[in-house]
Structures are given as C-alpha cells and as structure tokens.
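S.K.: Mind looking at a prediction? Sequence and model below.
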Amino acid sequence: MKKPMQNPAGHAAVLRIMLFMSMILLLGLASSANQPPSNAVLVGNETCADCHSEVSESFHKTMHGLAYGADRSDWSMTCESCHGPGSAHVEEADPELIINPAKTDQFGDAQTCVNCHKSESLDGWEFSHHNSADVNCSGCHSIHTEKEQIVKKATPELCYDCHSEVRAASFMPSHHPIAEGKIDCQDCHNPHGGSLSLTSEDTGRELCFSCHAEKEGPFVYEHAPVNEDCMGCHTPHGSVADNLLIQAEPGLCLNCHAMHFHATVEGVEGEFTPPLAPDRTSISTSDAWKRGMLTKCTQCHTEIHGTDMPSQSISTGGTALTR
C-alpha cells in the first residue's frame, strides 16, 4: 500500500495561517481588557472625583493639568479623554470597565497617548524598537505626577532599569561621560522612534560627528572604515580598551591589516628580505615579533581617521596616515 504523498509546502502554509490567526486572537483579547463597553457614556470629572479625590485635587499641578489651563476652564471631560466613558465603571465599580493605560499593552496605551502627542519625535514610534519590544508609554511615564516630562525617574537610571548591560559598560575604564553627568542617554537616542538603535540621527556615523566633527573630514587621505561606520572600531557605551575601541591595539588593526614586514619573521637577527615585501631589505632582531604585538599602531599612524598630509614613506603612496 502506497503512503500518501507529503506536501511540506502545504503544511508550512497551514502553520503560518494558524500562527497568524492566533496572533489576531491574542491581540483581540489584549485590546478587549480594560475597555468600557460600547454603550458606556461620559459622566464628567466631578463623578470621577467622588472616588479619586486625591488624583483630582492634584491634577492641576501635573503637566497635563497645566496644559489644560490653570484656571480649570477646560476641565469638564479631562479624565475621560484618556480613560474613556466611565458610566459602566461607576455603576459596576469594576476596574476592567475603564481604560487604565498602565495595565494595557503597548497597542492600547500608545494609541491613547499619540491621539494628542503628535510630533516629529513620535513619527517613528510604530516601527521603533521599544514598540516592538512591547514597551508601553506607562512603562516610563507616570501620568499623574508633578515631575517634568512625567517620567518615573531621571535618565539614565530610567533606561538602566531595562538596559543593565549599558549601565555596566558605562563604568568600564573607557566610557562616554554618562556617569559623570556630562551627557545623557537622550543626547544620542530618541526613545520614541528612529532606527533600530533609536539613535537621534539617521545614521550612527552622523550622530558621532555631531560631537566629534574633527573626525568627519573630508580628507585627502581617508581611512575607509571611517566612511562606513564608526562602530566598526568603537563601541559607544564603554570598553576595557582605550578610546572606546572594541578591541585593544594592535589586535583591532590586525583584523583588517597584515602584520608589518619588520615583525613578520620571528627570531631573525640582522638583515633579511621580508616575505611580504621582497623589494625591501630590513633589519630585525629576535624580539621583532614581540615588539610588533606589544606596540600600538597609532604610535606611528597617529591620524587614523584621515589626514590631508601625505606620509613620507614612498611605498604607501602617502596613505599611511602618519601625519
């Protein structure tokens, strides 16, 4: 008896459909929580204040209260602007029948906030890494607080609650002066959108040049990695190597460049012909290889980001970045 033919492509298609339907069901369940019923109506702030007197009395001191006006002339429906119509919640005394942004997922919470908060800094929120990671607005913001920008705590401590690896890097021997208070996370990152790394500039390279303009050029003699991405050699938050390098010299340089000719042959005494440069004659010692590995490349190649001055060595065509 023949076995029925297998159709892997068909099975994969069925699995994708099932996964898609499951996601729709989960999103529907998430969005249905903490939502007033469709027949709920507005009840006004005074009704809310009957139970939430402490929040109501201090609301005029909050950033939202100040935005509505200190004279309270436009406070007729401010609570339900964010929490939705409250009639069902008042009648049943059920917290599930009112919108609570702190308990909703990022889809419901963020949508409530972006109805009013429409600005250039929030344009990329839907596609941002924070949104993809299920971070909602109330994860960082406390709405009924008197603090400026209504953040739960000041940065960088607010960011460190999730990004513990960045906090650890900021205390490494070479680091950006975050702990010293000279720069802040938001000097480089836009938490509400932007690229995958939430950088405030279009590219990390342009972001670095906003402070390190002297490294941008253009130069007559350029170092190719500088034109591509600073992160090829540097790590931004902290490193055990000098100058925020991802690896100490000369190991970092040897990832792209071969060892210098004078340190290629180990233990050679006197004159020899370097295998990598047979047109040259050099003098080596038994410690030449050790010197090559224990010497920083930037001791000679000082202008590693680029220069307008040609190097004096003939064989490099002036591109050795030595001056």
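M.R.: Looks like it came in fine.
S.K.: Tell me where the stretch 1-150 of the chain is predicted with low confidence.
M.R.: 1-33, 69-77, 105-110 (pLDDT under 70).
S.K.: cool, and the stretch 151-300 of the chain?
M.R.: 194-196, 201-202, 261-286, 288.
S.K.: if we go to 50?
M.R.: Under the criterion pLDDT under 50, no range of the stretch 151-300 of the chain is flagged.
S.K.: Could I get the full set of strands for it?
M.R.: 174-175, 221-222, 238-239, 270-272, 282-284 (DSSP state E, counting those that start in this stretch).
S.K.: Identify the residue nearest the geometric centre of this protein.
M.R.: Central residue of the chain (Cα atoms, centre = their mean): Ser197, 3.2 Å from the mean position.
S.K.: does that one really touch Asn190, like I thought?
M.R.: No. Contact status for Ser197 versus Asn190: not in contact, 10.1 Å apart, counting by Cβ atoms under 8 Å. From N, CA and C alone the C-beta is placed, and that goes for glycine too.
S.K.: about what we covered before: what's near enough to touch the residue nearest to the centre of the chain?
M.R.: By Cβ atoms under 8 Å, 6 or more residues apart in numbering, the residues touching Ser197 are His129, His189, Gly204.
S.K.: Repeat that for Pro36.
M.R.: Applying Cβ under 8 Å, 6+ apart to Pro36 gives the contacts Gly84, Pro85, Gly86, Ser87, Ala88, His89, Leu97, Ile98, Ile99.
S.K.: For those residues, pick the one with the most neighbours.
M.R.: Among those, the one with the most neighbours (other Cβ atoms under 10 Å) is His89, at 25 neighbours.
S.K.: Greatest separation within the contacts of Pro36: which pair is it?
M.R.: By the measure Cβ to Cβ, Ser87 and Ile99 form the most distant pair in those, at 13.3 Å.
S.K.: could I get the contacts of Ser197 as TSV with neighbour count?
M.R.: Below are these laid out as TSV (neighbours: other Cβ atoms under 10 Å):
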residue	neighbour count
His129	15
His189	17
Gly204	17
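S.K.: which ones among those residues are found in helices?
M.R.: Counted as lying in helices by DSSP state H, out of those, are His129, Gly204.
S.K.: With respect to Ser121, which of the contacts of Ser197 is nearest?
M.R.: His189 (11.2 Å).
S.K.: which residues does the closest residue in space to the closest one that isn't next to it in sequence contact?
M.R.: In space, His189 comes closest to Leu198 once its chain neighbours are excluded; the distance is 4.6 Å by Cβ to Cβ, 6 or more residues apart in numbering. When contacts are counted by Cβ under 8 Å, 6+ apart, Leu198 touches Ser128, His129, His130, His189, Asn190, Pro191.
S.K.: Ok, Pro218 next?
M.R.: Gly306.
S.K.: any idea how far it lies from Val226?
M.R.: In this view, Pro218 and Val226 are 10 Å apart by Cβ to Cβ, to the nearest Å.
S.K.: what touches both of the two?
M.R.: Common contacts of Pro218 and Val226, defined by Cβ under 8 Å, 6+ apart, comprise Gly306.
S.K.: Brilliant, that's me finished.
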